[in-house]
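Visitor: Any chance you can model this:
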Amino acid sequence: MSPWGNCLGALRSPADLSLRQAAPPTLALAVALITILGAGRADADNPAEVFELPTVTVIGTTPLPGLGTPAKDVPANVQVFGARDLARQRPLDLTDFLDRNANSVGTGSGQGNAYQRDLSFRGFVASPLLGTPQGVSVFQDGVRINEAFGDVVNWDLLPRAAISSVQLVPGSNPVFGLNTLGGALAIYTKSGAQYPGGSIELSGGSFGRKTIGFEYGGARDRIDYFMATSFADEHGWADHNPSRVRQFFGKVGYQDERADLDVSLTLADNALQGTQTLPAGWLDTPTQAYTFPDLNENRLAFVAAKGSLFLSEGVLLGGNAYFRHFRNRNLSSNVNDDFGTIDPETGIQQINQATNDRSTINQKSWGLGLQVTAVKELAGHRNQFVAGISGDIGDTTFTQQSQEANFTVDRGAVGNGEFLPTTDVGTRNRYLGVFAADTLALSTAWTLTLSGRFNHARIEVADRSGTEPGLDSISDFSRFNPAVGINFNPSATLTTYASYSEGMRAPSPIELTCADAAAPCKLPNVFLSDPPLRQVVSRTIEAGARGGAGSGTTWSAAVYRTDLDDDIQFIASGQGAINAGYFQNVGKTRREGIELGATTRLSDLTLNVRYSHTDATFRSTFVAASPNNSTADAAGAIVVHPGNRIPGIPADSLKLRADLDLAAGWSVGGSVVFASSQYAHGDENNRDVHGRVPGYAVIDVDARWRVAHDWEIFASIVNVLDRRYQNFAVLGANAFTGPDRSFGPALGLDPAPEQFRAVGAPRGIWIGVRYAFGFRQAGD
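Guide: Numbers count the residues shown, from 1 in each chain. Below is the predicted model:
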């Protein structure tokens, strides 16, 4: 037997997790890093595959394949969710699930489409909206999936059924690289070895939503395979709001006692229409669109390989490589800011009310990473050392055309000419990172963690039209970011910790070319030659504790503060289009808060409660252009002072979840999400007369009935009480001030300053059926 045999063999019996005397000490330690819950489920034959298991208590403290770190030694309030959690609640997508269940997480519906929500974590955003300053890094099996162009995250590209586990890691953890200002979200996908068997699922209900999903996995000898596909169509709950979603994920893996290799393919072809935000005065008819059409078509082909190999006792080599081809086509309707004006050269009056703006993003990105994990004793103390390097490259072409148009009576923008080019640029991103981390057991109770990463980013922008040479630029950003943490475990049921970490974010090409207050951009962006922006630097301190009481109760508490230098904010200018504005370094900002959570199981009832308070404020004085703010001066400027709250971030949220298992195969669950009020974008000085967006509370319920071993019927209701609420707002100019909300006066634009809000979805009811076969039961 190889020296790894005894170690890995310990994993084949979920009932026996004790260290075997025959196992070499360093390899036995690798086994000790993995805790597997739930008898009857196949276990990993390779510790590096632990994140594909249904339930794990090991935290991936680096993006690349490794052994992970036991939760008790992680100095952060990490939140972990598994495939069974998602399967029980059947959310529309991952953002929907995290909004209901994760601490310090909220979502916003600024795009007006359920598959394109912004996700906010501790006041930092991961959004599909081009131009949103991103502060959360997102990984799929160790590959950073913030797109190379704009750092956006397209949540609609991965099937929910492909997700094995999710880890939400807070803080400015430098090892996760760029964009990790407020945290990192690590998504791990399923493998056939851990999820054998298959299922087919059909559902339908409100908003014309129809879905079909299929997944299948298995293993033969050392080869395993898994696939999941999902198709969904709906007309949406609002006018001009349909969605068509086509997703596929497949993975093939090889595994033996020393090595693990997986190759995966993710495909998507989606068409998503949104209704944008509505003037607050129109909330009596929330299903109407401000203007239309607004269409996003996302296509993805994403190939990734990851693997790990034990080089010797306690030394694991891990790595990944990927190629990602993402294409986006966007069509947006906008008010013509120049309507009614006289061209000074021709003397002709502008009579077109609208423009249709069409853009295309063609992005190819690729990269690789390599990491070594060594589990050795250091001066007689247990120690795990990790060192690695990663490189990511992205090439993007961005084109935009504009068409003159006029509005119909229901505000549809009908073109009356050809699309004329406005922008044609190419961008290139080059990211290099070198990192190391060390976890040292100072004693049986104390653990010290040290880590750091050097990041270098080069961003090139080149004009391809030949008419805007001022766009050509090369920007370089680099920094070393350190972190330190200490854990104290006085008992097996109590962990306390404290940590300090730093991170950075380089400005994206979008931000670098839209940074002039005198020339605001419409997003998707019109590229301009603008003043340079500085990189954002974050510094986070966190302290907390977590533990358990008895066999069925766990709890956690954390306090944190993240200070940003040279934070970048999108300042809404309010000129015509509500998506017009510019990016600006606004000096110092701060997000600080507390997180409390508890879970308990009482016989067949499981209760979860999570409360978070987030105080997000500006800490520097600066001037911003916001002409639709009621306190703006004659030049349309406002002054923002230290202590003003950052828009779009509710201060308080409370989440309750109850799951009850009943007799005869029944189970029911319910969630309550409460979020407090927030300021609108454009109201950075917190003084606009329209005030805050009101808080809200939403109740969702779900139920499952296992009719037979392999058949299940399920149902869900969202927004049970049919509450009307809004979760995002921006100050803008309402151009439709005529009768029946038609376009304004015949000559000249006469917009009315208003608060535009994103409306939450009304009550929706869905019912479905699931058939499981192979080794899987209906509820798995």
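Visitor: Not counting residues beside it along the chain, what's closest to residue 707?
Guide: Distances taken as C-beta to C-beta, 6 or more residues apart in numbering place residue 713 nearest to residue 707, at 6.0 Å, with adjacent residues excluded. All C-beta atoms are positioned from the backbone trio N, CA, C, and that covers glycine.
Visitor: Can you verify the one you found is assigned to a strand?
Guide: Yes. With DSSP: H, G, I helix; E, B strand; the rest coil as the criterion, residue 713 is part of a strand.
Visitor: Hmm, residue 328 is touching residue 361, no?
Guide: Yes. The pair residue 328 / residue 361 is scored as a contact, 4.2 Å apart, by C-beta atoms under 8 Å.
Visitor: Okay, strands next: where are they in the stretch 551-700 of the chain?
Guide: Under the criterion DSSP state E, counting those that start in this stretch, strands of the stretch 551-700 of the chain are mapped to 553-565, 568-572, 580-585, 589-602, 605-618, 622-625, 637-640, 652-661, 666-675, 696-708.
Visitor: and residue 347, which of those strands is closest to it?
Guide: Each of these was scored for nearness to residue 347 using C-beta to C-beta, and the closest is strand 580-585 (26.8 Å).
Visitor: pLDDT averaged over that closest one - what is it?
Guide: For strand 580-585, mean pLDDT is 75.
Visitor: Give me the secondary structure label for residue 458.
Guide: Taking three-state DSSP, the label given to residue 458 is strand.
Visitor: Okay, and the beta partners of it?
Guide: Taking DSSP bridges, one finds residue 430, residue 476 as the beta-bridge partners of residue 458.
Visitor: Can you give me every residue that contacts it?
Guide: 428, 429, 430, 474, 475, 476, 477 (C-beta atoms under 8 Å, 6 or more residues apart in numbering).
Visitor: for residue 218, same thing?
Guide: Residue 218 makes contact with 192, 196, 197, 224, 225, 226, 774, according to C-beta under 8 Å, 6+ apart.
Visitor: Next, the buried residues of whatever helix or strand residue 756 lives in.
Guide: Using DSSP states H and E, the element containing residue 756 is strand 752-759. Residues of strand 752-759 classed as buried by neighbour count (16 or more other C-beta atoms under 10 Å): 753, 754, 755, 756, 757, 758, 759.
Visitor: you'd agree the second one is up against residue 730?
Guide: No. Checked against C-beta under 8 Å, the pair residue 754 and residue 730 is beyond contact range at 10.0 Å.
Visitor: is it true that residue 449 touches residue 486?
Guide: Yes. Checked against C-beta under 8 Å, the pair residue 449 and residue 486 is within contact range at 7.4 Å.
Visitor: which residues do the two both contact?
Guide: Common contacts of residue 449 and residue 486 (C-beta under 8 Å, 6+ apart): 75, 499.
Visitor: what helices or strands is whichever strand or helix holds residue 248 leaning on?
Guide: In this structure, residue 248 sits in strand 243-255 according to DSSP H and E. Judged by 3 or more C-beta pairs under 8 Å, 6 or more residues apart in numbering; DSSP states H and E, strand 243-255 is in contact with strand 223-234, strand 259-273.
Visitor: hey, what's residue 312 bridged with?
Guide: Residues in beta-bridge contact with residue 312 (DSSP bridges): residue 315.
Visitor: related to what we said a few turns ago, in CSV, list the helices and strands packed on strand 243-255 along with mean neighbour count, mean pLDDT and distance to residue 365.
Guide: Listed next are the helices and strands packed on strand 243-255 as CSV, based on neighbours: other C-beta atoms under 10 Å; pLDDT from 0 to 100; distance: least, C-beta to C-beta, whole Å:
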stretch, mean neighbour count, mean pLDDT, distance to residue 365
strand 223-234, 20, 97, 23
strand 259-273, 20, 97, 13
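Visitor: can I assume residue 86 sits in a helix?
Guide: Yes. Membership of residue 86 in a helix is supported by three-state DSSP.
Visitor: Pull the number of nearby residues for it.
Guide: Neighbours of residue 86 under the rule other C-beta atoms under 10 Å: 21.
Visitor: dump the residue contacts of it.
Guide: By C-beta under 8 Å, 6+ apart, the contact set of residue 86 is 94, 97, 160, 163.
Visitor: For the last one, give its distance to residue 568.
Guide: Residue 163 is 31 Å from residue 568, where distance means C-beta to C-beta, to the nearest Å.
Visitor: can you check residue 643 too?
Guide: According to C-beta to C-beta, residue 643 and residue 568 sit 20 Å apart.
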